[in-house]
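In: Build me a model:
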Amino acid sequence: MNDKGPFMVFAPKPFSRGLLAGLCVALSMTVSGSLHAQDAAPLPDYVIEEFGAPPEIPTGPLSNAMQFALRVAFVDSVSLGTWDENQNLALAEISKSKDPRIAWLISDMLRFASSQQLNERLTNTASDLLGKGFRFENSWGVVTDHLMAWDIPAPPDYLSYKREIYTNIVPGWDQIFVEGDLDWRVVSWGGVLIDERPHDKTDDACNCIPAADNPEVTSAQDATWLDDDDIVFGVEVNGEYRAYPRQIMEVREMVNDTLGGRDLGIPYCTLCGAAQAYFTDDVPEGVDRPILRTSGLLSRSNKVMYDLNTYSVFDTFLGHAVTGPLAEKGVQLKQATVITTDWGTWKKEHPETTVLLERYALGRDPDFRNGRDANGPIFPVGDVDPRLSVHEDIIGVVTASGKPVAFQRSTAVAALIRGDSIEVENVRLELDAGGVRAVDVDGSDLGSHQSFWFAWSQFHPDTELWQG
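Out: You can find the predicted model right below:
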C-alpha cells in the first residue's frame with residue numbers, strides 16, 4: 001500500500017498561482033462540441049420509473065479547456081494527494097459543462113473521497129451534470145447506479161484518467177488498467193487490495209483477500225469441524241468429488257486446485273452468491289496454466305479476477321480473458337458444474353468426497369450470504385431485470401445454441417422432487433446431493449452453477465427465464 005492508503009485523504013495545500021493562471025487561460029478558450037439527443041435504444045419502462053429520464057448527452061471530443069480541467073481535478077489531485085483552490089475552480093468549470101459523460105470520473109473520485117467536504121463538492125457536481133439532486137449519503141452508489149442504469153457513455157480518453165486515479169492509490173493495479181474488451185465504466189474498487197503473492201505461496205500473509213493454491217484436503221469422516229447444515233460447494237471431475245465449504249470460500253474467494261487429474265480455478269463471489277469452477281488446463285498451446293487471483297476490483301458487483309502470470313483480466317462470470325496476452329490469444333475457460341448444497345447431504349450422497357482443511361477458514365466463520373447482502377446489492381449495479389427479486393437464487397446454464405437460461409432454484413427443485421422433467425433445448429436438470437446439475441442430452445456435464453438473479457441477468461441480459 002502506498003502512503004495515500006486505500007482512501008484518498010485530501011490535505012490543504014498552499015495556493016498555486018501558476019497552476020491557477022494556466023487553468024484560467026485554458027478555460028477562457030472556446031469550448032467545442034454541441035449537445036445532441038442520445039442516439040440509443042429506448043430504456044425499459046422500469047428504468048425510467050426508478051431513475052427518471054436520462055439527460056441529454058454531448059457528442060464529440062472534449063475541448064482542450066475541459067481536458068485541462070479534468071487533469072487538474074482528477075489527475076493532479078490524486079497524484080499529489082491534495083485538494084485546493086485549483087481543483088475547486090476546475091470542478092466549477094466541469095459543472096458548467098453539463099456533460100453527463102464526465103460524471104463517470106466524478107463517480108471514480110467519490111469512491112475514494114474520505115473528506116465530507118470533498119464528497120459534497122463532488123456530489124453537487126454530479127447533480128449538475130446529471131440534472132438530479134443527489135443527497136450526500138451514499139452518493140457514490142446512487143450516482144453510479146444512475147450512470148449504469150442510463151448507460152451514459154464514457155467521456156473521451158476515459159481509461160487514461162481512470163487509470164491515473166486508481167493506480168496513484170494502489171500501485172499494484174499498474175498492469176491491470178489497460179485497454180481491452182472490458183467496460184471500464186462499471187469497474188470499481190471493492191475495498192481490498194490486489195493479491196499478488198506468487199503461486200503456491202498462499203500461506204504467506206497478505207493485506208488482501210488471500211487465494212489458496214493446492215489446498216490440503218481430508219476425508220469426510222475426518223472433517224468433524226463441519227456441521228451437517230453448513231453450506232458447501234461440491235465439484236466432481238472424472239469421478240472424484242470435493243467439497244469447498246462456504247466458510248472457507250467466504251474468506252478466500254479463490255482456489256487454484258487439481259481434481260480428477262484436471263487443473264481448476266474456483267472463484268467465489270460473495271456479492272453474487274456464485275461459486276464457479278473453471279478448467280485452467282484447457283488453454284491454447286504455448287499458454288501457461290492461468291493462476292487466478294483476486295484483483296480487488298469489481299464489475300457490476302462481481303469480483304474481477306486476473307491471471308498472476310500475465311496480469312490478464314478475466315470476466316469472472318463468463319470465464320473469458322478480456323485484457324492482456326490471454327485476451328489476445330482468445331482464452332475462454334470452460335466450466336465444471338458447482339453444486340451448492342449442505343454438507344450433510346453432500347457427504348451422504350458422495351461419501352468418498354474430500355474436503356478442504358479447517359485451517360483455510362483462517363479462524364473465521366462469516367455468514368455474508370445471509371447477512372450483509374440481505375437488503376440488496378451493496379455495490380452499484382444500475383437497474384436489475386424485475387422478473388425476479390435481486391437476490392433470488394437461480395441455476396444458470398448456456399444451451400448448445402448459445403442461449404443463456406436461468407432456472408429459479410426453489411421452483412426447479414420442487415418440480416424435480418415431484419418427478420417433473422425440466423428441459424430447455426439440449427439442457428436437462430437433475431437433482432444432485434440436494435443441489436441442481438444441468439446435463440446435456442447424453443448426460444454429460446454442462447457446467448452450471450448457482451447465483452443471485454441480479455448477477456446472472458446483468459451478465460446475461462438476454463437470458464431466458466424458465467417459467468416452470
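In: C-alpha only now, for contacts and for neighbours.
Out: OK.
In: Now F134: closest residue in space, sequence neighbours ignored.
Out: Nearest residue to F134, sequence neighbours excluded (Cα to Cα, 6 or more residues apart in numbering): S127, at 5.7 Å.
In: Helices of the stretch 1-150 of the chain, start to end?
Out: Secondary structure of the stretch 1-150 of the chain (DSSP state H, counting those that start in this stretch): helices located at 17-27, 45-51, 64-70, 77-80, 85-97, 103-112, 116-130, 139-150.
In: what's the shortest one packed up against?
Out: Helices and strands touching helix 77-80, as assessed by 3 or more Cα pairs under 8 Å, 6 or more residues apart in numbering; DSSP states H and E, comprise helix 158-169.
In: rewinding a little: so which of the helices of the stretch 1-150 of the chain gets nearest R359?
Out: helix 103-112 (33.6 Å; Cα to Cα).
In: Dump that closest one to PDB, keeping only the CA atoms.
Out: The C-alpha trace of helix 103-112 is given here as PDB (Å, rounded to 0.1, in the frame of the first residue of the first chain):
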ATOM      1  CA  ALA A 103     -19.900  12.100 -14.200                       C
ATOM      2  CA  TRP A 104     -18.200   8.700 -14.600                       C
ATOM      3  CA  LEU A 105     -15.000  10.400 -13.400                       C
ATOM      4  CA  ILE A 106     -16.900  12.000 -10.500                       C
ATOM      5  CA  SER A 107     -18.100   8.500  -9.600                       C
ATOM      6  CA  ASP A 108     -14.500   7.300  -9.600                       C
ATOM      7  CA  MET A 109     -13.400  10.100  -7.300                       C
ATOM      8  CA  LEU A 110     -16.400   9.600  -5.000                       C
ATOM      9  CA  ARG A 111     -15.300   6.000  -4.400                       C
ATOM     10  CA  PHE A 112     -12.100   7.200  -2.800                       C
END
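In: Mind listing residues that contact that helix?
Out: Helix 103-112 is contacted by residues 6-8, 74, 119, 122-123, 125-126, 129-130, 139-140, 143-144, 147, 154-155, 158, 161-162, 165, 185, 188-189 when judged by Cα atoms under 8 Å, 6 or more residues apart in numbering.
In: and Q221, how many residues sit next to it?
Out: Q221 has 12 neighbours, counted by other Cα atoms under 10 Å.
In: What of I231?
Out: 20.
In: my guess is it meets W343, correct?
Out: Yes - applying Cα atoms under 8 Å as the test, I231 and W343 come out as touching, 6.0 Å apart.
In: Overlap of the contact sets of these two?
Out: P245.
In: any idea of the pLDDT on the closest residue to L292 other than its chain neighbours?
Out: Excluding the flanking residues, the one nearest L292 by Cα to Cα, 6+ apart is D307, at 4.8 Å. Note on D307: pLDDT of 98.
In: Repeat that for L62.
Out: With respect to pLDDT, L62 has a value of 96.
In: For the contacts of helix 103-112, which ChimeraX command selects only the ones that are buried?
Out: This is how ChimeraX selects the buried members of the contacts of helix 103-112, with burial counted by 16 or more other Cα atoms under 10 Å:
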select :6,8,74,119,122,123,125,126,129,130,139,140,143,144,147,154,155,158,161,162,165,185,188,189
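In: which SS state does V397 fall under?
Out: Counting by DSSP: H, G, I helix; E, B strand; the rest coil, the backbone at V397 sits in strand.
In: does W184 really touch L159, like I thought?
Out: Yes - with contact defined as Cα under 8 Å, W184 reaches L159; the gap is 6.9 Å.
In: before we move on, back to that, hmm, G319 and the residue nearest to L292 touching each other?
Out: No - between D307 and G319 there is no contact under Cα under 8 Å: 11.7 Å.
In: distance between the ends of stretch 417-428?
Out: Length of stretch 417-428, first residue to last, Cα to Cα, to the nearest Å: 14 Å.
In: swap that for stretch 237-248, please
Out: Using Cα to Cα, one end of stretch 237-248 lies 20 Å from the other.
In: Please compute how far that stretch lies from its chain's middle.
Out: 24 Å (Cα atoms, centre = their mean, to the nearest Å).
In: contact partners of it?
Out: Outside stretch 237-248, the residues that touch it by Cα under 8 Å, 6+ apart are 230-236, 259-262, 336, 343, 346, 350, 352-356, 358, 360-362, 364-367.
In: Next: stretch 444-462.
Out: Applying Cα under 8 Å, 6+ apart, the contact partners of stretch 444-462 are 272-276, 300-302, 317-318, 334-340, 381, 384-385, 388-398, 404, 406, 427, 437-440, 463.
In: How far does stretch 177-188 sit from its chain's centre?
Out: In terms of Cα atoms, centre = their mean, the centre of stretch 177-188 is set 11 Å apart from its chain centre.
In: C-alpha coordinates for that stretch, CSV please?
Out: Output of stretch 177-188 as CSV, limited to C-alpha atoms (Å, rounded to 0.1, in the frame of the first residue of the first chain):
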residue,chain,number,x,y,z
PHE,A,177,-5.7,-0.9,-16.1
VAL,A,178,-5.0,-1.5,-19.8
GLU,A,179,-7.2,-1.4,-22.9
GLY,A,180,-9.2,-4.5,-23.7
ASP,A,181,-12.7,-5.9,-24.0
LEU,A,182,-13.8,-4.6,-20.7
ASP,A,183,-16.3,-1.9,-19.8
TRP,A,184,-14.1,0.2,-17.6
ARG,A,185,-17.1,2.4,-16.7
VAL,A,186,-18.5,-0.2,-14.4
VAL,A,187,-15.2,-1.3,-12.8
SER,A,188,-14.9,0.0,-9.2
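In: What average pLDDT does it get?
Out: Per-residue pLDDT values over stretch 177-188 give a mean of 97.
In: Could you confirm W456 falls within a strand?
Out: No - assessed with three-state DSSP, W456 is helix; it does not lie in a strand.
In: Could you report the pLDDT at it?
Out: At W456, the model reports a pLDDT of 97.
In: residues near it, how many?
Out: Using other Cα under 10 Å, W456 has 26 neighbouring residues.
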